[in-house]
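[1] show me how the following folds:
(2 chains)
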Amino acid sequence: MASSNVHRAIEALWRIESASIIATVARMVGDLGTAEDLVQEAFMAAIERWSQAGLPEKPGAWLMTAAKNRAIDLLRRNKLLGEKHQELAAQLHTEQAIAVAETAEAFAGHMDGTIEDDLLRLIFTACHPVLSTEAQTALTLRLLGGLSTQEIAHAFLVPEATVAQRIVRAKRTLAAANVPFQLPHTSQLAPRLSAVLRVIYLIFNEGYAATSGQDWMRPSLCEEALRLGRILAELLPQESEIHGLVALMELQASRMRARVGPTGEPILLLDQDRTRWDYLLVQRGLARLERAASLGNAFGQYAIQAAIAACHARARLPEETDWQQIAALYDALAQLLPSPVVELNRAVAVAMAFGPAAGLELVEDLMQEQSLANYHLLPSVRGDLLAKLGRLPEARAEFERAAALTQNQREQQLLLARAAECE
Amino acid sequence: MRCMLLMKATPESETGVMPGPEIFAAMDEFNGTMIKAGVMLGGEGLFPSSAGARVHFGTGKPVVVDGPFAETKELLAGYWILQVKSLEEAIEWASRCPGCDGDTEFQIEVRRIYDLADFPQEAIDAIPNEREWLAQQQAQNTSGNTL
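    I've put the predicted structure just below:
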């Protein structure tokens, strides 16, 4: 078999199988870094062997067995070493793993139906709270997404060495903190899951914020986040918030092509050409949101945001938007996640639903908010509502203030033009 | 990227006789793996060509020819749509398709689907109505099937 074929197959197999194999081996050896090294060794061995002998019938199973054999060898070596050095033998998890690994039946039994649990352990460990957000993101993309260090570096516009460093340090941090390769305790599941969802959404936004589309890797981060979301949704199908997040990402991704103009300028939601939305993704997002709703739990922050996005997605024309529903959803979001920015969005929705005076009343409450003091959207929204109420001199002052606060030149021009209209 | 796996017909699939439950089960396991891997976007099976027709274009009016059609190996029997990172990944998934009844030869063709991003801007601007309509048809057609 030509070695280029083997390399291509290996690349695809890494993408498809590496997360499951790393997860299984990590459960055996109790350490993520060691697990990844062992699995990489198994893949290297596969390249060598398959280049001579051709691909086996079930390459995925071959790789899993090869990696597990390496893990067993390591555990045995550690045990021998442990007999010489008491302190090594004291590592309880090594003993346990050997006890499990040494009988074939026990081993087979241990394999059955646990791939899902192992993958979950991998996800929760990669997003463990002892790690920084950057480390969580890099580890998740590397270990679960099967992306190379180079691909991650490209996507985040940082040098490859930086990402490599982050991953090495993350593994060290996990080892140093003695983080067990385990599922979170039931009482910890909610906060730990929300950390995982945060990482996935962060990956999505990193791709979504890249508007130029010239670097193929950045928009494909959105696809990567969607894939991770779908995997997680299959692993924990009863968690409605996961479906909510997938729905939110699908609905946002559906507007990808409409949100940037020909010269790269951002186009606001209400000004977008809706025929340029991807309706395939819209349908998938709406269906996913229904699935979240069918589980009967109260919506969390992602499902609520997805429901807001769905209100926009269902409107063929901006005038058809159900602003009352959106205002109610922002109200729910504000209670769940009190934040001045959410309040400002709620004010906009209320103004659209019930008139500018009602919206302005809510905006006035935010004027003393310290965290919004330099946020250009506050005077921008206030200016817009004042202009609609015919209070032009005040509106003009607000547009000018907003223009002074924004860093974005295009936005600045737009705001100054609106100020000039208030003459 | 999205890829389509095109399952070609066999003499058996062209008879229209439903495969046995063990084949459905094997196919379900294959599909389940792809769903769990987050790659499966949709897929469906097709009736035999005897239940179909071809519309031939040339000079003059289109001519309709009813099935069945010969050249079985070139006919379609079903398809999957996958979201993958590379063509190689799609090929790897295709090669895991269960062998149906074991002793029948069949092929799966792996093709890349154009995304809107692959079209030049002029082309996209030229097709607002068709694009939206087609996408909705597709969404309705690809939801809620198992085989």
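
[2] could you pull out the strands for chain B?
    B:2-8, B:40-45, B:53-56, B:63-66, B:76-83, B:108-112 (DSSP state E).

[3] in CSV, list these along with mean pLDDT.
    CSV is the format used below for those (pLDDT from 0 to 100):
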stretch, mean pLDDT
strand B:2-8, 95
strand B:40-45, 91
strand B:53-56, 94
strand B:63-66, 93
strand B:76-83, 95
strand B:108-112, 96
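
[4] can you lay out the ones you listed as CSV showing distance to chain A and mean neighbour count?
    Every residue, glycine included, has its C-beta placed from N, CA and C. Listed next are the strands of chain B as CSV, based on distance: least, C-beta to the nearest C-beta, whole Å; neighbours: other C-beta atoms under 10 Å in any protein chain shown:
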stretch, distance to chain A, mean neighbour count
strand B:2-8, 9, 19
strand B:40-45, 8, 18
strand B:53-56, 25, 10
strand B:63-66, 30, 10
strand B:76-83, 6, 20
strand B:108-112, 11, 16
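
[5] go through the ones you listed and name the closest to A:Arg169.
    strand B:76-83 (31.6 Å; C-beta to C-beta).

[6] the closest one to strand B:40-45, inter-axis angle?
    Strand B:76-83 and strand B:40-45 are oriented at 180 degrees to each other (axes from the mean of the first three to the mean of the last three C-alpha atoms, to 10 degrees).

[7] check which helices and strands strand B:76-83 sits against.
    Applying 3 or more C-beta pairs under 8 Å, 6 or more residues apart in numbering or on different chains; DSSP states H and E, we find strand B:76-83 packed against helix A:217-235, strand B:2-8, helix B:21-36, strand B:40-45.

[8] what's the spacing between A:Arg410 and chain B?
    A:Arg410 sits at a distance of 20 Å from chain B (criterion: C-beta to the nearest C-beta, to the nearest Å).

[9] check A:Leu157 too.
    In terms of C-beta to the nearest C-beta, A:Leu157 sits 19 Å off from chain B.

[10] turn the strands of chain B into TSV, columns for distance to A:Val342.
    Listed next are the strands of chain B as TSV, based on distance: least, C-beta to C-beta, whole Å:
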stretch	distance to A:Val342
strand B:2-8	35
strand B:40-45	33
strand B:53-56	54
strand B:63-66	58
strand B:76-83	32
strand B:108-112	41
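
[11] thinking again about what came up before, can I get the helices and strands packed on strand B:76-83 in a markdown table including distance to A:Leu245?
    Output for the helices and strands packed on strand B:76-83, formatted as a markdown table (distance: least, C-beta to C-beta, whole Å):
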| stretch | distance to A:Leu245 |
| --- | --- |
| helix A:217-235 | 6 |
| strand B:2-8 | 21 |
| helix B:21-36 | 17 |
| strand B:40-45 | 18 |
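
[12] ranking these by burial, who's on top?
    helix A:217-235 (a mean of 22; mean count of other C-beta atoms under 10 Å in any protein chain shown).

[13] so how far is the very next helix or strand once past that one off the chain centroid?
    Counting by DSSP states H and E, the element after helix A:217-235 in chain order, helix or strand, is helix A:240-253. Here helix A:240-253 is found 10 Å from its chain centre; the criterion is C-alpha atoms, centre = their mean, to the nearest Å.

[14] helix A:240-253 - contacts with which helices or strands?
    helix A:186-209, helix A:217-235, helix A:279-294, helix A:301-314.

[15] now do that helix, average pLDDT.
    Mean pLDDT, helix A:240-253: 96.

[16] quick one, it and helix A:217-235 angle?
    For helix A:240-253 against helix A:217-235, the angle by the same axes, to 10 degrees is 150 degrees.

[17] how about helix A:240-253 as CSV, C-alpha atoms only?
    C-alpha atoms of helix A:240-253 as CSV (Å, rounded to 0.1, in the frame of the first residue of the first chain):
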residue,chain,number,x,y,z
SER,A,240,-31.8,20.6,27.6
GLU,A,241,-29.2,23.3,27.9
ILE,A,242,-26.9,21.4,25.6
HIS,A,243,-29.6,21.3,22.9
GLY,A,244,-30.2,25.0,23.7
LEU,A,245,-26.5,25.8,23.0
VAL,A,246,-26.5,23.8,19.7
ALA,A,247,-29.7,25.5,18.6
LEU,A,248,-28.2,28.9,19.4
MET,A,249,-25.0,28.2,17.5
GLU,A,250,-27.0,26.8,14.5
LEU,A,251,-29.2,29.9,14.4
GLN,A,252,-26.3,32.3,14.7
ALA,A,253,-24.3,30.4,12.1
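
[18] buried set for the helix or strand where A:Arg76 lies?
    Taking DSSP H and E as the definition, one finds A:Arg76 inside helix A:59-84. Using 16 or more other C-beta atoms under 10 Å in any protein chain shown as the test for burial, helix A:59-84 gives A:59-60, A:62-64, A:66-68, A:70-72, A:74-75, A:78-79, A:82.

[19] swap in stretch B:56-74?
    Buried, per 16+ other C-beta under 10 Å, within stretch B:56-74: B:69, B:72.

[20] that one: how far from the chain's middle?
    Using C-alpha atoms, centre = their mean, the offset of stretch B:56-74 from its chain centre is 19 Å.

[21] first to last residue in it, what's the distance?
    In stretch B:56-74, first residue to last residue: 17 Å (C-alpha to C-alpha, to the nearest Å).

[22] what does it rub up against?
    B:8-11, B:14, B:48-55, B:75, B:105-107 (C-beta atoms under 8 Å, 6 or more residues apart in numbering or on different chains).

[23] show me what the residue nearest in space to the middle of chain B bridges to in the sheet.
    Closest residue to the average C-alpha location of chain B: B:Tyr79 at 2.1 Å, with C-alpha atoms, centre = their mean. Partner residues in beta bridges with B:Tyr79, using DSSP bridges, are B:Leu6, B:Glu44.

[24] near chain B, which residues of the stretch 251-400 of chain A?
    Taking C-beta under 8 Å from any C-beta of the partner chain as the criterion, the stretch 251-400 of chain A approaches chain B at residues A:257, A:262, A:273, A:275-280, A:282-284, A:287.

[25] for chain B, give me the ranges with low pLDDT.
    Along chain B, the model assigns pLDDT under 70 to residues B:100-103, B:116-117, B:124, B:128-147.

[26] using PDB, write out the CA atom coordinates for stretch A:186-199.
    The C-alpha trace of stretch A:186-199 is given here as PDB (Å, rounded to 0.1, in the frame of the first residue of the first chain):
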ATOM      1  CA  THR A 186     -23.800  14.700  40.700                       C
ATOM      2  CA  SER A 187     -23.900  17.800  43.000                       C
ATOM      3  CA  GLN A 188     -21.100  19.300  40.800                       C
ATOM      4  CA  LEU A 189     -22.600  18.300  37.400                       C
ATOM      5  CA  ALA A 190     -24.400  21.600  36.700                       C
ATOM      6  CA  PRO A 191     -21.500  24.000  37.300                       C
ATOM      7  CA  ARG A 192     -19.100  21.600  35.500                       C
ATOM      8  CA  LEU A 193     -21.400  21.200  32.600                       C
ATOM      9  CA  SER A 194     -21.800  25.000  32.300                       C
ATOM     10  CA  ALA A 195     -18.000  25.300  32.100                       C
ATOM     11  CA  VAL A 196     -18.000  22.800  29.200                       C
ATOM     12  CA  LEU A 197     -20.800  24.700  27.400                       C
ATOM     13  CA  ARG A 198     -18.900  27.900  28.000                       C
ATOM     14  CA  VAL A 199     -15.800  26.500  26.300                       C
END
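
[27] all set, thanks.
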